[in-house]
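Visitor: would you be able to build a 3D model of this:
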Amino acid sequence: MTEFGPSETPAAGEEDLSTTAHRVRLPHDRASDLWTENSPSPLLVESMERWTKALLEDDGYRPIGQTRVLVRARIIAKQAGVLCGSHVVNHLIRTRLPEVQMSWHKREGEQFNVDDTLLILDGAALEILSVERVIINLLGRMSGIATETERWVNRLNGLRVACTRKTAWGILDKWAVHIGGGLTHRLRKSDAWMIKENDQTVLKMDLGESKKEAMKKWISTTDLNNHGAFTVIEVDTISMANVVANAWCNRMMETEENRTLVIMLDNMGPAKTKEAVLDIRSHGYDKWICTEASGNVRFEDLDDWMTAGVDVLSTSSMNMGVRSIDISMLVDESGVRTLPSED
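Guide: Numbers count the residues shown, from 1 in each chain. All right, here's what the predicted structure looks like:
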């Protein structure tokens with residue numbers, strides 16, 4: 001993870017828009033749950049297996065076994081991008097085609113150019129061709145997400161950006177966002193306790209209180225030990241942001257707990273988000289509050305978001321509706337050979 005240095009103290013009269021992200025590790029960075037001891041974690045491997053199994057079955061894949069005709073096939077990039085999906089392909093080949101040899105020419109997260117060879121496969125022709133489309137789809141989609149994420153990260157010049165749980169391929173999408181330099185946010189619902197609009201409506205009806213009073217009561221009584229890695233509360237007004245921040249900080253001071261709350265400023269736009277952030281900071285709430293801006297965060301508006309002072313942006317634009325990188329497989333004629341007959 002990129003580590004931020006200490007923020008400079010602003011001169012008198014300047015707005016202090018240094019962020020909580022300069023001082024603490026953002027809880028949105030869950031990549032360590034996906035990579036352990038220099039290899040994919042059990043959580044990531046389980047996701048790899050679910051998706052490769054589903055894609056192979058949808059494509060009508062059936063095990064073929066060894067055949068007499070052997071080939072050498074190259075996976076070639078037709079566009080420039082950032083490679084992602086090599087570990088998923090490794091899992092597919094090792095579990096389904098263990099006799100096929102792999103030679104990667106690019107590493108996970110490495111940039112590639114048009115006509116670069118990404119991977120060479122060597123083995124039984126029918127086995128390799130039976131998984132051609134699935135391999136290309138995996139690498140194309142995941143590399144497309146990593147490439148688009150890198151575009152956002154480079155444009156933001158240090159402001160962190162996370163994906164959301166609006167994903168098509170779940171944890172694999174989040175891994176691709178991580179490879180592109182973005183943050184995964186929570187990996188699954190149990191990873192963090194998120195109180196969004198619908199949850200707040202249910203709390204309001206259950207407690208018979210206004211939404212603000214319901215949230216204050218919930219914050220003061222909830223068992224934080226059941227909240228997973230972190231807690232997120234969604235707000236859509238500056239006044240609600242202040243109510244939530246005040247209630248949380250009061251609890252931290254009274255109980256001497258030390259947990260950071262993420263306040264998700266939803267669909268507030270850069271101007272109102274900036275006002276909310278300054279308000280939170282002016283009360284000293286930022287000691288325990290991390291601010292996240294979400295909803296209608298667009299690439300073309302990033303200049304405005306970069307001056308809002310928020311700790312992190314979250315968007316599904318890095319992984320939803322992103323075009324796959326154009327990748328193809330070509331069999332080398334010089335690599336085609338036939339095993340001698342057993343007769």
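Visitor: could you pull out the strands for the stretch 1-150 of the chain?
Guide: Under the criterion DSSP state E, counting those that start in this stretch, strands of the stretch 1-150 of the chain are mapped to 35-36, 39-40, 69-77, 81-82, 101-104, 111-112, 117-124.
Visitor: which of these sits closest to T307?
Guide: Across the strands of the stretch 1-150 of the chain, T307 has its closest neighbour in strand 81-82 (27.6 Å, CB to CB). (Glycine included, C-beta is placed from N, CA and C.)
Visitor: buried residues in stretch 143-156?
Guide: Of all the residues in stretch 143-156, those buried under the rule 16 or more other CB atoms under 10 Å are 143-150, 152-153, 156.
Visitor: for I219, what are its contacts?
Guide: 233, 244, 247-248, 251 (CB atoms under 8 Å, 6 or more residues apart in numbering).
Visitor: residues near G170, how many?
Guide: 14 (other CB atoms under 10 Å).
Visitor: what residue spans form the domains of this structure?
Guide: 20-30+157-314, 35-145+324-338 (automatic domain parsing).
Visitor: centre of the chain versus the first one, how much separation?
Guide: Same thing as domain 20-30+157-314. 16 Å (CA atoms, centre = their mean, to the nearest Å).
Visitor: ok, now stretch 137-154?
Guide: 11 Å.
Visitor: identify the residues contacting it?
Guide: Under CB under 8 Å, 6+ apart, the answer for stretch 137-154 is 51-52, 55, 75, 81-86, 88-89, 92, 109, 118, 161, 163, 169, 172-173, 175-177, 179-182, 299, 302, 315, 317-319, 322-327.
Visitor: helices and strands of the chain: which one bottoms out on pLDDT?
Guide: Lowest by mean pLDDT, DSSP states H and E among the helices and strands of the chain is helix 197-207, with a mean of 79.
Visitor: residues of that helix that come out buried?
Guide: 200, 203-204.
Visitor: ok, which stretches of the stretch 151-300 of the chain are helices?
Guide: 171-179, 197-207, 211-221, 238-255, 269-282 (DSSP state H, counting those that start in this stretch).
Visitor: out of those helices, deepest packed?
Guide: Most buried of the helices of the stretch 151-300 of the chain, by mean neighbour count (mean count of other CB atoms under 10 Å): helix 171-179, with a mean of 27.
Visitor: quick one: contacts of that helix?
Guide: Residues outside helix 171-179 that contact it (CB under 8 Å, 6+ apart): 30-31, 34, 43-44, 47-48, 51, 82, 84-85, 88, 108-109, 141-143, 145-146, 149, 162-163, 167, 183-185, 187-188, 318-319.
Visitor: quick one, which of those are buried?
Guide: In the contacts of helix 171-179, the ones that pass as buried (16+ other CB under 10 Å) are 30-31, 34, 43-44, 47-48, 51, 82, 84-85, 88, 108, 141-143, 145-146, 149, 162-163, 167, 183-185, 187, 318-319.
Visitor: in contact with G335, which residues?
Guide: Applying CB under 8 Å, 6+ apart, the residues near G335 are 70-73, 122.
Visitor: what pLDDT does it get?
Guide: Looking at G335, its pLDDT is 83.
Visitor: quick one: it and V69, what's the gap?
Guide: 11 Å (CB to CB, to the nearest Å).
Visitor: now do L138
Guide: L138 is 25 Å from V69, by CB to CB.
Visitor: which of these two has more residues huddled nearby?
Guide: When L138 and V69 are compared for neighbours, L138 comes out ahead with 26 against 11, by other CB under 10 Å.
Visitor: returning to what we had before: what comes into contact with the least confident helix or strand of the chain?
Guide: Contacts for helix 197-207 (CB under 8 Å, 6+ apart): 195, 210-211, 213-215, 217-218, 234, 236, 266.
Visitor: swap in 10 Å and give it another go.
Guide: For helix 197-207, contacts defined as CB atoms under 10 Å, 6 or more residues apart in numbering pick out 193, 195, 209-215, 217-218, 233-236, 240, 266.
Visitor: where does the stretch 201-343 of the chain dip in pLDDT?
Guide: Scanning the stretch 201-343 of the chain for pLDDT under 70 picks out the ranges 341-343.
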